[in-house]
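K.L.:
next comes the sequence, and after it the predicted model I'd like to discuss.
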Amino acid sequence: MNEDKLIIETRQLCKNFGPTIALNHVDLKIYRGQITGLIGENGSGKSTITSILAGMQPASSGEMFFKGKPHKPSTMIEGAALGIGMIVQEQGYVSGISIAQNIFLGEEGRFRRHGIISRSAMVKAAQEALNNIGCNDIDASWYIEQIDLQDRKLVELARVMASNPEVLVVDETTTALSQRGRSIIYDIMRRMRDEDKAVIFISHDLDELMEVCDRMVVLRDGNLITDLDKPEFEPNLIKRHMVGRDMGEKYYREDYDGTVSDEVVLDVDNVTSGSGLLINFSMQVHKGEILGIGGLSHCGMHELGKVVFGEEKILTGSVTHVPSGQKIRDARHAIKLGMGYVSKDRDHEALVLSASIRDNISSAGLDKINDGPFILPNKEKAYVNQQVQTLSIKCASINQNVQYLSGGNKQKVVFGKWIGRDCDILILDCPTRGVDVGVKAAMYALIDDMKRQGKTIIMISEELAELIGMADRLLILKDGSLAGEFQRSRQLTEHEIIECMI
Amino acid sequence: MSKSTRILKNIVITLAPAVIVYLFFLLITNLFGEPGFGVGDNLRVIGYNMVYSGFIALAVSYNLTSGRFDFSVGSVLILSLIVGGNIAKEIDVPEPFGAVLMVVLVVLVGMLCGLISGLFYILLRLPPMVTSLGVAMIFEAIGFALFDSEGLRLYTRQDLLIWTKPQNSFILLALVLIVLIYLLNFTKFGYNCRSLQTGQKNAVEVGVNEKTNSVVCYIIAGGLMGFAGIMYISQNGIIAPQTGLSSSSFMMNAFLPMFIGNALAKYSDRNIGVIVGAFCQACLSSALVYLGAGPSMQTVMNGVAVMLFLIYVSNNYKFALHRAWREKKEKALGMTSAAKQ
Ligand SMILES: Nc1ncnc2c1ncn2[C@@H]1O[C@H](COP(=O)(O)OP(=O)(O)OP(=O)(O)O)[C@@H](O)[C@H]1O
Ligand SMILES: [Mg+2]
């Protein structure tokens, strides 16, 4: 590589969190005019190294250079001012304030005239920043709560781009985004590259990385393993570098037999949800079926998951648990009937961040580990340990707080919490978000096993490949109604489905 | 909605609680055959109580909205009065300036106390409630040790006690409000206050300086307690040092105005909202006196008012929600019947 183009260099960078070694003497080089992919298993140190570059946290030891000069930003504002902007993996906005305030957080001083910060000037500039990334439909003067999670990520993108960075870091953002958000991000990354700036792109989606990146850097357990140029991209090789051994070929389900029993277990009849667009929607789900649900943003699919689980207000119609003949009243009732639900909004709905892994996982399985009113500590520990092992959750101990886990490991905790319960009907909303390929394969295998045991799975996802790879039947929603239905088949293509979505 | 109608609507909503509460109690007291509430002398009492508890509520609001519960505000009031007042007493200046000088001194000492509280908070990194209890005890002890434990006695110095006159106290309040409105709405400090209020962790991660911001909040709170102290001494003429955390009772009347202020913040400004709330509370206590309630009954009613208000605030979004639900349901049913035909 042409060393004139070198923009970032780390030398012997280390980061420890107590006994955990997150980065181990890493020498990373990032060049201009390139999109560099950063890949590695969950907990391999990707977020850690990029957040140190951006100024979110300091390194334990080692040196960094940016444009040839020593680099040691102490806050993200300082990092952004120097030219490194980062879209973080976790929630990166501040609630309770306007979108414009979020975009210029910490930089309000720019709008000061005669000692007064002008709100209207700020809103105007924020709107320009949004328009610049192609989000003209988001109004900068709204409160951030008025837009949905995906659009909030785009607001974060607008904030980062407003400071005109020379290096853009995108940390595992795309899985939280709908198709539209993804194409916005891809466009910006390509634009940056064409302007001879640099992009660091973190993702677990190998296909996405191979398509978008010019170069890929693999991390494993805090070590930089290798550095590959585009001609060297080869999926199995990359996976081998990631996990340090050969991985099995098996990923999605291998059979293409989409036939399921006639026995209906869930009957969703003419349902309209309180929030979102879902309107007069009906479907039936069968025993032993993996039902995939997909669509564009705002299509109502996430609300559908909540409706089925009794977590969402139903305005018309009903959801019936057919084996018991009961209409589902609320989430507690649904759990009692043997249902489980993995929410998409993991930080708010699915996890208690300030509680331990142990408490989070056992909370959904309390009836499996109790003896009358008592929780048996040994049984609890065994129960939790089993989930930690099956999903290879990377943690210091099961008593570690969930908030200190890497993004993908948090997701595994959510998954483990419900898998362990042995539910008859499991609703999964973006279950593999931010999870590395190895664990994804394990999750798919678990889902397939459950199907074989006659359990029913409703899988809602933004990832078409996953839906096509796993579902017996696939429903596509559009504007809150059914737009298409596909049976499992070897011939089914993403193209066909996208046609139906738009 | 055009800009001017929006501004008009916001002004109406902001002032509505004050007008409604005032008219309500005016009606009730007259119905019970106890006229006198809300007019003449009683209006003056309400005005005084509004300014006095308004200052305290403003002080508490700067820290509590960011989750810092501060027990020490009462002890700041006492200490700043004892120190600032006794110094002012010794300095000889011509007539109205003595009273002004006292305000300046008391408020400065209050701000200094606030600075000390703030430094304790950021240096000790303990929960703010714990820190503030310790700070309160220290301030109480200092107040007790100074000036032979005499506190501050000013009843012979009417020239220093001009601040109970309504026009004077309103000028004081208006000046303070102007400064606070400026600080909270048009400065970086104010913007930081709002971003630190809810999503603390993310704001800090991006680089908003939480430490500086909280120290400034403590200083503002201290200064405001100085103003409250001025109102207190002007009315009572004397303040004795207190011990055993009894100073914490000074913040009792802060809560109702503060919650009302927070609820009104989105229509105008939190500071103004707090003062509207302080007016409502002053009306409530005066009306209760007219209705024959004793002091303990007044305390109970105040607590009930806080509860009722919080219940209302945490539920009122439901009205809008129900309306949206009704509309969507009608749409859905309309679609179904159209399909049947
Ligand atoms: N604040 C923290 N306290 C303790 N441990 C931490 C903290 N932040 C990260 N870690 C640990 O450091 C390691 C690396 O985490 P990091 O977030 O960089 O992983 P990652 O590669 O981004 O993973 P993912 O793909 O799941 O996002 C993990 O083992 C994680 O548990
Ligand atoms: Mg990460």
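P.N.:
All right, it came through fine. Ligands and ions are numbered 1, 2, ... in the order given.

K.L.:
C-alpha only now, for contacts and for neighbours.
P.N.:
Noted.

K.L.:
so where does whichever residue of the stretch 1-150 of chain A sits closest to ligand 2 fall, helix or strand?
P.N.:
When distances are taken as Cα to the ion, the stretch 1-150 of chain A reaches nearest to ligand 2 at residue A:47, 4.1 Å away. Element membership of residue A:47 [criterion: DSSP states H and E] is helix A:46-54.

K.L.:
show residues contacting that helix.
P.N.:
For helix A:46-54, the surrounding residues in contact (Cα atoms under 8 Å, 6 or more residues apart in numbering or on different chains) are A:15, A:22-23, A:38-40, A:57-59, A:64, A:72-73, A:75-76, A:79-80, A:84-86, A:89, A:169, A:171, A:202, A:219, A:406.

K.L.:
mind doing that once more with 7 Å?
P.N.:
A:38, A:57-59, A:76, A:79, A:84-86, A:171 (Cα atoms under 7 Å, 6 or more residues apart in numbering or on different chains).

K.L.:
can I get these in a markdown table with neighbour count and pLDDT?
P.N.:
Shown next, in a markdown table, are these (neighbours: other Cα atoms under 10 Å in any protein chain shown; pLDDT from 0 to 100):
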| residue | neighbour count | pLDDT |
| --- | --- | --- |
| A:38 | 25 | 94 |
| A:57 | 19 | 91 |
| A:58 | 18 | 93 |
| A:59 | 20 | 94 |
| A:76 | 25 | 85 |
| A:79 | 24 | 91 |
| A:84 | 28 | 94 |
| A:85 | 31 | 92 |
| A:86 | 29 | 92 |
| A:171 | 22 | 91 |
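
K.L.:
break chain A down into its domains, please.
P.N.:
A:3-83+A:165-243, A:249-338+A:424-502, A:351-423 (automatic domain parsing).

K.L.:
turn the ones you listed into a markdown table, columns for distance to residue B:285.
P.N.:
Below are the domains of chain A laid out as a markdown table (distance: least, Cα to Cα, whole Å):
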| stretch | distance to residue B:285 |
| --- | --- |
| domain A:3-83+A:165-243 | 49 |
| domain A:249-338+A:424-502 | 42 |
| domain A:351-423 | 42 |
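
K.L.:
which parts of the stretch 51-200 of chain B are helices?
P.N.:
Using DSSP state H, counting those that start in this stretch, the helices found in the stretch 51-200 of chain B span residues B:73-80, B:86-90, B:95-124, B:128-145, B:166-186, B:188-197, B:200-206.

K.L.:
the residue most central in space within chain A: what secondary structure?
P.N.:
Centroid-nearest residue in chain A: residue A:433, 3.6 Å away (criterion: Cα atoms, centre = their mean). Three-state assignment for residue A:433 (DSSP: H, G, I helix; E, B strand; the rest coil): coil.

K.L.:
next, give phi and psi for it.
P.N.:
Backbone geometry at residue A:433, expressed as degrees, to the nearest 10, gives phi -60, psi 120.

K.L.:
what's the nearest residue to it if we skip its chain neighbours?
P.N.:
Distance criterion Cα to Cα, 6 or more residues apart in numbering or on different chains; nearest residue to residue A:433, sequence neighbours excluded, is residue A:175 at 5.8 Å.

K.L.:
how close does the one you found get to residue A:436?
P.N.:
Distance of residue A:175 to residue A:436, computed by Cα to Cα, to the nearest Å: 12 Å.

K.L.:
what's the answer for residue A:473, then?
P.N.:
Counting by Cα to Cα, the separation of residue A:473 from residue A:436 is 25 Å.

K.L.:
wait, is the residue nearest to residue A:433 part of a helix?
P.N.:
Yes. Assessed by three-state DSSP, residue A:175 belongs to a helix.

K.L.:
hmm, the helix holding residue A:47 in reach of ligand 1?
P.N.:
Yes. Against ligand 1, helix A:46-54 shows contacts by Cα under 6 Å from any ligand atom at A:46-48.

K.L.:
hmm, who's touching stretch A:137-146?
P.N.:
Contact with stretch A:137-146 is made by A:95-100, A:123, A:126-127, as judged by Cα under 7 Å, 6+ apart.

K.L.:
in it, what counts as buried?
P.N.:
Of the residues in stretch A:137-146, A:138-141, A:143-144 count as buried by neighbour count, 16 or more other Cα atoms under 10 Å in any protein chain shown.

K.L.:
residues in contact with residue 109?
P.N.:
Reading this off chain A. Residues in contact with residue A:109 (Cα under 7 Å, 6+ apart) are A:117, B:188.

K.L.:
hmm, no, I was thinking of chain B.
P.N.:
Per Cα under 7 Å, 6+ apart, neighbours of residue B:109: B:80, B:84.

K.L.:
check the gap between the closest residue in space to residue A:406 that isn't next to it in sequence and residue A:436 for me.
P.N.:
The shortest distance from residue A:406 to any non-neighbouring residue, by Cα to Cα, 6+ apart, is to residue A:43 (5.3 Å). Between residue A:43 and residue A:436 the distance is 10 Å, computed by Cα to Cα.
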